[in-house]
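[1] Based on what follows, work out the 3D shape:
(chains A and B)
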Amino acid sequence: MFDFDNIEAQIPHNGVRTRFAPSPTGYMHVGGLRTALYTYLIAKKAGGAFILRIEDTDQNRFVEGATEIIYSTLRGAGINWDEGPDVGGPTPPYIQSERREIYAAYAEKLVELGGAYRDGDVIRQKIPREGETTFTDLIFGDITVQNDSASMDEGVLLKSDGLPTYNFANVIDDHLMGITHVVRGSEYLSSAPKYVLLYNAFGWEMPQYITVSPVMRDAQHKLSKRNGDPTYDDLLTQGYLTDAIVNYVALLGWSPGGEREIFTLRELEEVFDVGGLSKSPAIFDVAKLRYFNAEYIRALPPGIFAALAEPYIRQSVKNPNADIAALAELVQARCEVLTDIPEKLDFIDALPEYPAELYVHKKSKTDGKISLDMLKSILPELEALPDWTRDGVYGVCEALAAKLDAKNALVMWPLRIAVSGKAVTPGGAAEICAVLGREESLRRIDAGIKKLEAE
RNA sequence: GGCCCGUUGGUCAAGAGGUUAAGACACCGCCCUUUCACGGCGGAAUCACGAGUUCGAUUCUCGUACGGGUCACCA
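    So this is what the prediction gives:
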């Protein structure tokens, strides 16, 4: 005989308890991450507990290793759970497939209470023919449906394999785990009134429901891996920072109210408020994510950024003696995603083939002829430069420009083209010379002179 | 199709009866400048439509259009 009194005696009644209850389907999509985030924030804001529960009642959809992806995604994002399969807690187990006796017992009990009935080898919910049912959601307000409408079908609660369906497991677990606030997607909104009947039949108090609209790819499609939209892991490999993703995702469908947009997870824990949640779907805008990412990259301490950037720098800079810190510094303010880095440094190891037209630049007032003169003038001066530093090189250029009564750009443009072979570079001529070193810089200037002479 | 939900610039959005209808991204222009980026300044751009209610509707009500969700022994 199942001991209902014992399990119900374990239900915590100490403040806010929220839960994120994903199905282990193999990856974490952005919408799921956002739901997890909101759920977590509601708990943390209230000083409550955030619980992780794995909903694996569909054995057909179970994907090996998927639970680990959920763990790593959440942990990577800093969304730590207070109770869960791996850390335990007062209301175990936290994996639904391990709770089958509980569901079976409650399904039987519900039959006795008149809220369900046996139909062959399944148990279905009993819905009254008359009247209406009102479901209350914190975001959407009251939603009332007629009990005889099609959406109030007498759905299966306990399947023939003995496992519960989502609609049932969810109600049992939320109650038994003492959940006070449930955050979930709007796809569950239409089945929600049926929960009211379930809770009423058991005589249980319902948690607060907070329904969030989906994250969209465009006006008519949800973000989905199937359509090639990035998952959280994809974004990471595309060079986005976890903090930027979390920050951006938090703002998709939620507004802090003021003008501030940049919030760390800890700050969100302070300011989050369900009142700022929106009813309408939000379109995921990569351009804005890139902006957040760029902001986070620029705000990183140089040492931290250098460590993150090193693998990307190494993709194009193979020279073992390369000064990673110096290269990182050049690129930090100039990349929006880490994957921007390799292309920006592709001229460091070797001077690329480049067209002489690069020496023509209207704004700097240079062309091939002038550039040749500049390079010829600057070469001996640089050869004589005692300290090969950014400031040293810059000083030489500045002095030459002053002597010619010209703008610095007249000298710097040809020099930068000669040492980089690129129209756009991270940093100016002096920075690049400093990074390349004396020998290589002089060699490239000389090559530039020969190139222009050959024109 | 039935039922449920939504609709402020290209995107995220604030505003909840009286506002010059915030702010951010993206875009455009100018400035700064050693190219680019950063930064600064400025610009263009929004209340889906139609009826009500009201002295007055972006804001309230209804309808229309458009969009979404849901109608499984999936969650």
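[2] Now do stretch A:73-81, average pLDDT.
    The average of the pLDDT scores along stretch A:73-81 is 96.
[3] Now find how far off-centre it is within its chain.
    11 Å (C-alpha atoms, centre = their mean, to the nearest Å).
[4] Stretch A:389-397 now?
    Its chain's C-alpha centre and that of stretch A:389-397 lie 42 Å apart, by C-alpha atoms, centre = their mean.
[5] Check stretch A:44-63 too.
    Centroid separation for stretch A:44-63 versus its chain: 19 Å, with C-alpha atoms, centre = their mean.
[6] And it, what's buried?
    A:44-45, A:48-58, A:62 (16 or more other C-beta atoms under 10 Å). The C-beta positions use only the backbone N, C-alpha and C, and glycine is treated the same way.
[7] now do stretch A:356-370
    In stretch A:356-370, counting by 16+ other C-beta under 10 Å, buried: A:A356, A:L358, A:Y359, A:V360, A:H361, A:S364, A:T366, A:G368, A:I370.
[8] Just the element for the most centrally placed residue in chain A, please.
    Centroid-nearest residue in chain A, with C-alpha atoms, centre = their mean: A:I245, separated by 2.9 Å. A:I245 belongs to helix A:242-250 when elements are defined using DSSP states H and E.
[9] Relative to RNA strand B, which residue of the stretch 351-455 of chain A is the closest?
    A:G428 (1.3 Å; C-beta to the nearest atom of the strand).
[10] Which residue, neighbours along the chain excluded, lies closest to the residue nearest to the centre of chain A?
    Taking C-beta to C-beta, 6 or more residues apart in numbering, and ignoring the residues beside it in sequence, A:I245 has A:L235 as its nearest neighbour in space, at 5.5 Å.
[11] Please name the residues that touch the one you found.
    Going by C-beta atoms under 8 Å, 6 or more residues apart in numbering, A:L235 touches A:V30, A:I245, A:L289.
[12] Same list, the residues you listed, but as a markdown table with distance to RNA strand B and pLDDT please.
    What follows is the contacts of A:L235, written out as a markdown table (distance: C-beta to the nearest atom of the strand, whole Å; pLDDT from 0 to 100):
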| residue | distance to RNA strand B | pLDDT |
| --- | --- | --- |
| A:V30 | 13 | 94 |
| A:I245 | 14 | 97 |
| A:L289 | 8 | 98 |
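[13] all strands for chain A, in order.
    A:17-20, A:49-52, A:116-119, A:122-125, A:132-137, A:141-146, A:156-158, A:181-185, A:208-212, A:215-218, A:221-222, A:282-283 (DSSP state E).
[14] Tabulate the ones you listed in CSV, adding columns for distance to RNA strand B and mean pLDDT.
    Output for these, formatted as CSV (distance: least, C-beta to the nearest atom of the strand, whole Å; pLDDT from 0 to 100):
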stretch, distance to RNA strand B, mean pLDDT
strand A:17-20, 11, 98
strand A:49-52, 13, 98
strand A:116-119, 8, 96
strand A:122-125, 5, 97
strand A:132-137, 9, 94
strand A:141-146, 5, 92
strand A:156-158, 4, 97
strand A:181-185, 8, 96
strand A:208-212, 8, 96
strand A:215-218, 7, 95
strand A:221-222, 5, 93
strand A:282-283, 3, 96
